[in-house]
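Student: give the three-dimensional model of this entry:
(chains A, B and C)
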Amino acid sequence: MPIAEPSQLMTRFVATVPGRIAARLVVIGALLAFWQFAPGKALRFWMSGPVDIVARLWSWILDGSLWEHLGATLTAMTLGYGIGTAVGISLGLVFGFLPKLHRVLSPYIAALYAMPKIALAPLFIIVFGIGIESRVALVAITVFFLILNSTLDGVRNVDRDLTQALSLMGATRSEVIRKVLLPAALPWIFTGMRISVRYAFTNTLLAELISANMGIGFLIEYYSGMFDATGTYAAILVLVIMSVGLTEVLSWVERTMARGHGRA
Amino acid sequence: MPPSDPGTMAKLRLVGASKRFAVHDGELEALRPVDLIVQPQEFVALVGPSGCGKSTILNLAAGLLRPTDGMVFYDDQPVTTINRSVGYMTQKDTLLPWRNAADNIRIALELKCRAMPRDEAALRVAQIIELIGLKGFERHFPAQLSGGMRKRVALARTLIYEPETLLMDEPFGALDAQLKLLLLDQLQNLTMLRRMTVMFVTHDLGEAITLADRVIVFSARPGRIRTIRSIDLPRPRDVFKVRFTSEFARLHEELWDVLKDEVVMGTDV
Amino acid sequence: MASQQISAENGIPVVVWQIGVGIGFLAAWEAVGHTASGEWTSRPLLIGQRLLQWFSGPLYPHLATTAIEVVAGLLVGVLSGSVAGLLLGRSPVLAVVLRPIIVAFYSVPLVALAPLFIMFFGLDILPKLILVSIVVFFLMFFNTFAGAGQVDADQIAAIRLMGATSRENFLKLVVPACMVWIIGGIRIALPFALVAATTGEMLAARRGIGFLLSDAANQFDMTGLYAALVILMLLGLAVSEAAARMERRLLRWRDATE
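Tutor: Residues are numbered from 1 along each chain as shown, chains lettered A, B, ... in the order given. Here you go, the predicted structure:
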């Protein structure tokens, strides 16, 4: 049963793509104008203004510092993600094959999973120092738990009959893992990998906030510590652009994978 | 009960009513211009292959859609907004999952437009629960009820505010045969008792002949009326046994001939 | 081919294994703690001692601070986020126009803005409260906004045919339908609230469990650090359990039984 069709002018305007974009530009433009011109002298200290912020960002681009920090954040994130995923999938498959081991360890895993991972940052800094290793370790542990859970979900959903059928045919343990367990669990693993990217990003930034000498998170902490509002906002702007970019990349990956899947 | 008095005002009248939708690559003609009259207290069945526009006719009658061309009249008034004199029951039961059966049934009576005091509403709900056979399940949530039970709740919910006209879009489609017959029987009783006008869409020709005063057969998309046939079987009909009478068989054969061609054409598309 | 249940009856029950593993781990830890690298790892006995000492008094102000930040921030965030989501979600015009802007905001890890609030509001409870509120607000807003726009069109049509006004449609259909999203949102928001509060405390604070943690770290007080981690683990578990229980109670009607 469809609902009666809408008939207001606004709705029709917004239904067109150019209409929509125009409306959004108006909203954003109004906000930016307000930000730039409304605050008085006192507020200006805390709020800065769009023009100053962009100018600062531009200076970072010119002197190259932006790329250094960006690189640091992305490197830490990617390394941590890679390690966490690899270990997570491996351990997940092992647990899948040895469910009793998993059952014994699961309350401990659950307890560790519930803890805010950021709390491990000071420990890692003491152990690894202030360099990139501590951040990589934090991201790796965060991702590890998520991927482990997803892999376990996937493995649990594999029909026992399938693995038994292959074993009866004479497959070795590693063959069963490779030919049945892993492929069948892939959808769940991929879902976990998708979700973990967000968490990897967030935790990289948080680790940089807590203690670092490089990275976008570090920039936010540094400038706010110096009460430099413009610098802080400029770093946040980079953060926003990164976040949106990341979301777009993820969506694109999803769409490409969905297409590949559909064709198969 | 088909009235024979020609001076009676028609309950529902479609005059050259058609419906077209704009889709991304052009236009979809859901209903070709159609003329249709439903008399008061008449039970009309619309039969035809999928996509022929039967549901669109119901939506036009309910005021959920406006016709692209032509006009729709209810009680000789043009239908311009949502038609509150009708009850509408679809194949998908739109029960509210967070309310139990009794509360789901009661919801129409809670609305301001009815201004019904709470104890009267409670009484009515209890009565219809008894009538429809839901006693004992009042406090169950939809997730806890079987498909047939949910259908009964949906039917009760539609009937409780006593609309004078009932629109039904393949309401019993997903149920097993026995349950379907039971509900058809109850539907016949209730609509006769309350002297309701019914427009019943189905793809099951047997169902249509069992209940209707008139059966209208539609062609494949885009739909036009192929045949209108009065069903002269005496009322009240024994829903369980009528299908074994020779009269029924004759009607079924006659109408199936028409319908069969349309179904085949529909599947070739 | 029958699927075999791997039962615990062949051999020792699982619980015994679990306790065994736990004790074994602690024993190994204790042993390592007595060696040269014991400085980094501390020892379970020492940690236990510190915890006891904390629980006898000094812990509670810190616990209270963190709890207030989480709970108050949740209340503010949930209320404002769900109301905003409900109202905006029902306006198709606003929904379409604001959608990409909101999605952009949603993708930003808001907890990373903690230093900003600390810069504005200082060291005490207020900046963390605001941070938690904002993090929760956006989570709830997005969830509710999405839910409000996805109310079943057939149900809307059905209730309008019965004669419901727009207001009745909103109150009787949209709001309850969104409760699923709202409760789901709260379930997600709870752990995030804890993370936000902890991060804020670790960055700059005078009280709170996160403060205890970073304070211990700054002084290389490993025992204190591990003790604080244990507390945080317990807090994390409490929060997850609370979230799960709340969802079970409020969404009882979802369980299909017959």
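Student: in the stretch 151-264 of chain A, where is pLDDT below threshold?
Tutor: A:260-264 (pLDDT under 70).
Student: gap between the residue nearest to the spatial centre of chain B and chain A?
Tutor: Centroid-nearest residue in chain B, with C-alpha atoms, centre = their mean: B:Met168, separated by 2.0 Å. Between B:Met168 and chain A the distance is 12 Å, computed by C-beta to the nearest C-beta, to the nearest Å. To be clear about C-beta, it is placed using only N, CA and C from the backbone, and glycine gets the same treatment.
Student: B:Ala10 now?
Tutor: 24 Å.
Student: can you tell me the SS state at the nearest residue to that residue once chain neighbours are set aside?
Tutor: Take B:Ala10 and drop its neighbours on the chain: the residue closest to it by C-beta to C-beta, 6 or more residues apart in numbering or on different chains is B:Ile37, 4.8 Å away. Three-state assignment for B:Ile37 (DSSP: H, G, I helix; E, B strand; the rest coil): strand.
Student: and what of the one 3 residues further on?
Tutor: The three-state label for B:Pro40, taken from three-state DSSP, comes out as coil.
Student: hey, what's the residue nearest to the centre of chain B bridged with?
Tutor: B:Met89, B:Phe200 (DSSP bridges).
Student: and it, what does it touch?
Tutor: B:58, B:88-89, B:198-201 (C-beta atoms under 8 Å, 6 or more residues apart in numbering or on different chains).
Student: mind putting those residues in TSV, neighbour count included?
Tutor: What follows is these, written out as TSV (neighbours: other C-beta atoms under 10 Å in any protein chain shown):
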residue	neighbour count
B:Leu58	23
B:Tyr88	26
B:Met89	24
B:Val198	22
B:Met199	27
B:Phe200	27
B:Val201	26
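Student: any idea how far whichever residue of the stretch 1-150 of chain C sits closest to chain B lies from C:Ser166?
Tutor: Residue nearest to chain B within the stretch 1-150 of chain C (C-beta to the nearest C-beta): C:Gly147, separated by 13.3 Å. Distance of C:Gly147 to C:Ser166, computed by C-beta to C-beta, to the nearest Å: 18 Å.
Student: compare the two (neighbour count), which wins?
Tutor: More neighbours surround C:Gly147 than the other of C:Gly147 and C:Ser166, with 22 against 10 (other C-beta atoms under 10 Å in any protein chain shown).
Student: surely the more buried one forms part of a strand?
Tutor: No. Counting by three-state DSSP, C:Gly147 is located in no strand; its state is helix.
Student: just send the contacts of B:Met168 back as TSV, with distance to C:Thr199 too.
Tutor: Converted to TSV, the contacts of B:Met168 look like this (distance: C-beta to C-beta, whole Å):
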residue	distance to C:Thr199
B:Leu58	57
B:Tyr88	53
B:Met89	54
B:Val198	64
B:Met199	62
B:Phe200	62
B:Val201	59
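Student: now flag whichever of these is closest to chain C.
Tutor: For the contacts of B:Met168, the residue nearest chain C by C-beta to the nearest C-beta is B:Tyr88; the value is 5.2 Å.
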